[in-house]
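S.K.: sharing a model that was predicted from the sequence below.
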Amino acid sequence: MEPYLRKALRQFDNIVPTNKRRDLPYPHIEPKYGAKEQFAEYDTSPEVGKQEQKHIQKVNGKFLWYARAVDPTALVPLSALASQQSKPTQNTIDKSQHFLDYMATQEPAVLTYRKSDMILAVHTDAGYLNEENARSRAGGHHFLSEDVPLPPNNGAVQNVA
């Protein structure tokens, strides 16, 4: 998968940034500790043109296959970018560049399947009103595990094993 990733990054003229390693695939919003309610922040940056919109659509299209096939850490940022691609703003372009920098600075993902006594485990989580425009997000991933008979419960949503 590494040649695919390198070729995809070259398509978007994204070289490995030397001064800014990205360890998160999407910008992090600091929690407001002690606040009774925490709302998603609204994007007030100016809207961008059709060319930038096409760029975001190409990034989503190119990396969605890679994310589904090999690297599930990219699914959440791609989903968030996809929900903003109909009316992209400068902030959306910045988030897209952040994602490309993340993909360029991380080690290529590797999935290895082998026969064993593994069980199918599913981790899910959900957030309420944590996206722009009063949207919520739910997600999960399934994987084969041999370490833990039952994955620990995250408290919000029950895990299935």
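M.R.: Right, received. Where do you want to start?
S.K.: how about the strand ranked longest in the chain: buried residues?
M.R.: The single longest strand within the chain, with elements called by DSSP state E, is strand 119-131. The neighbour-count check on strand 119-131 (16 or more other CB atoms under 10 Å) flags A121, H123 as buried. The way it works is simple: take the backbone N, C-alpha and C, and place the C-beta from them, glycine included.
S.K.: show me what it is packed against.
M.R.: With contacts taken as 3 or more CB pairs under 8 Å, 6 or more residues apart in numbering; DSSP states H and E, strand 119-131 sits against strand 135-145.
S.K.: from the chain's centroid, how far away is the strand it packs on?
M.R.: Offset of strand 135-145 from its chain centre (CA atoms, centre = their mean, to the nearest Å): 11 Å.
S.K.: between it and strand 119-131, how many degrees?
M.R.: With axes from the mean of the first three to the mean of the last three CA atoms, to 10 degrees as the basis, strand 135-145 and strand 119-131 are set at 160 degrees to each other.
S.K.: what about the longest strand of the chain, average pLDDT?
M.R.: Average pLDDT, strand 119-131: 74.
S.K.: same question for stretch 88-105.
M.R.: Rounded mean pLDDT across stretch 88-105 is 91.
S.K.: how about stretch 11-27?
M.R.: Per-residue pLDDT over stretch 11-27 has a mean of 78.
S.K.: kindly report the same for stretch 135-142.
M.R.: What stretch 135-142 shows for mean pLDDT is 73.
S.K.: contacts for it next, please.
M.R.: Applying CB atoms under 8 Å, 6 or more residues apart in numbering, the contact partners of stretch 135-142 are 40, 72, 75-76, 79-80, 83, 120-131, 157.
S.K.: ramachandran angles for K115?
M.R.: For K115, the backbone dihedrals (degrees, to the nearest 10) come out as phi -70, psi 130.
S.K.: and for it, the neighbour number?
M.R.: Close neighbours of K115, defined as other CB atoms under 10 Å, add up to 5.
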